[in-house]
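Q: A predicted structure for the sequence below; I have some questions about it.
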Amino acid sequence: MIKGFKDFLLRGNIVDLAVAVVIGTAFAKVVSVVISNIINPLLAAIVSGSSLGFGPTLRKGNAKTFMDFGGIINELIVFTLTAAVVYFIVVVPMNRIMSLRKQGVEPEPAAPSEDVILLQEIRDLLRNQSLEGRRDLPPLPQA
């Protein structure tokens with residue numbers, strides 16, 4: 001049971017996933033700070049000077065009825081940038097390493113099917129029977 005758990009933890013996919021989560025979480029914080037300090041002020045300056053952000057208020061004077069479209073845009077930008085960085089920093093190099101590793105290993109030749117093996121055995125038996133009476137012919141090469 002412990003060996004199975006160890007194999008599970010040491011598989012490449014688990015390590016890749018852990019690295020992606022750590023890098024993604026750390027980078028999401030950085031992107032979030034950049035968005036809140038640069039993008040949000042730009043959106044507020046372009047759309048309106050409202051202290052609440054970008055979006056309508058359903059009932060005037062009640063801040064709880066504010067629909068924050070700026071927050072949605074913010075999270076979409078954070079998600080897109082985080083996904084792009086994780087892809088280009090983790091996935092692309094890992095795929096490159098795996099492709100280089102695969103190039104060095106030659107694939108094993110496919111084993112012949114049972115039909116081919118059977119036909120080869122029949123061929124060899126027929127040749128051997130026809131050669132029993134003839135000693136002047138060279139022996140058959142073994143496959």
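A: Thanks, I have it. Remember, predicted model here, so these are calculated numbers, not experimental data.
Q: neighbouring contacts of the top helix by length along the chain?
A: Criterion DSSP state H: the longest helix present in the chain is helix 12-34. Applying CB atoms under 8 Å, 6 or more residues apart in numbering, the contact partners of helix 12-34 are 8, 74, 77, 78, 81, 82, 85, 86, 89, 90, 91, 94. To be clear about C-beta, it is placed using only N, CA and C from the backbone, and glycine gets the same treatment.
Q: helix or strand for the fifth one, which one?
A: In this assignment (DSSP states H and E), residue 81 forms part of helix 69-86.
Q: if you count neighbours, what's buried in that helix?
A: 70, 71, 73, 74, 77, 78, 81, 82, 85, 86 (16 or more other CB atoms under 10 Å).
Q: pLDDT on that helix, on average?
A: Across helix 69-86, the average pLDDT comes to 78.
Q: who are the packing partners of that helix?
A: Packing contacts for helix 69-86, counted by 3 or more CB pairs under 8 Å, 6 or more residues apart in numbering; DSSP states H and E, involve helix 12-34, helix 40-47.
Q: could you give the mean pLDDT of the last one?
A: Going back to what we said before, that points to helix 40-47. Across helix 40-47, the average pLDDT comes to 69.
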